[in-house]
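Visitor: Starting from these lines, generate the structure:
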Amino acid sequence: MINLFMRLMIIIPMVFLLNPVYAETTLLDVKVRHDKKFDFSQLNNKYQWIKRKDSSRDLVASTDPDINEYFLSVVNKNLAAKGYQQAFDGSASFGVDYEIIIKSSGVQNSLEKFSAEVRKNRLSSTSIPSLPNIKNMKAGTIVLNIMNMETGYLIWIGYAEAVVVDKKNREELIDQAISQMLAKFPPE
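Guide: This next block holds a predicted model:
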């Protein structure tokens, strides 16, 4: 009887870990980093979506408009729940942009390569410790960038690995990832 109980204690967790349905609904990793030298209390409650020349948002929107619109709506909803308003008149104190790591093949350049090349220049003036290297991120990783509108420098970054790989569960995973990331914005 004890032997049977021990076998069940080993087999039951293995079924959950090896079950692809269970694996698809689990976030692999969510991390947040911020500029320790930046005073986040100086931010007002207004933000705006920015399209920097090195942003991957246009590329994502052109290859998968549904995921682009959904991502924007989830971030807007989460920021609104925290008391932030989207500004369209230049009164925002921080800008928001995102990247999705997509490894594509064939003639089209990969978003991963595109992002890795341009992030070097943009982030050279940031004070974020342990800034992640986009080249090493898994396909499907989402990256949420928050910049100081006054300087244009990155002050906060959140990322979640392998969120948008499987279309079946990606909206649920995006919701979870953005909620977990923005729960830590602004940093205390």
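Visitor: Contact partners for Arg33?
Guide: Going by CB atoms under 8 Å, 6 or more residues apart in numbering, Arg33 touches Ile128, Pro129, Ser130, Leu131, Pro132, Trp156, Ile157, Gly158. Heads up, the C-betas are built off the backbone N, CA and C, glycines and all.
Visitor: Can you pull the phi/psi pair for it?
Guide: phi -130, psi 150 (degrees, to the nearest 10).
Visitor: Across the sheet, point out what pairs with it.
Guide: With DSSP bridges applied, Arg33 shows beta-bridge pairing to Ile157.
Visitor: And the pLDDT for it?
Guide: Model confidence at Arg33, given as pLDDT, is 92.
Visitor: quick one: it from Pro187, how far?
Guide: According to CB to CB, to the nearest Å, Arg33 and Pro187 sit 9 Å apart.
Visitor: Quick check: neighbours shared by the two?
Guide: Trp156.
Visitor: Next up, the contacts around the residue nearest to Pro132 when sequence neighbours are not counted.
Guide: Nearest non-adjacent residue to Pro132, counting by CB to CB, 6 or more residues apart in numbering: Tyr159, 6.0 Å away. Going by CB under 8 Å, 6+ apart, Tyr159 touches Val30, Lys31, Val32, Pro132, Met137, Thr141, Ile142, Val143, Leu144, Met181.
Visitor: So, low pLDDT: which residues of this structure?
Guide: 1-28, 52-56, 102-126, 134, 162, 165-166 (pLDDT under 70).
Visitor: Can you show me the helices along it?
Guide: 2-18, 20-24, 57-63, 65-81, 111-122, 170-182 (DSSP state H).
Visitor: and Ser62, how many neighbours?
Guide: 9 (other CB atoms under 10 Å).
Visitor: go on, Asn169?
Guide: 17.
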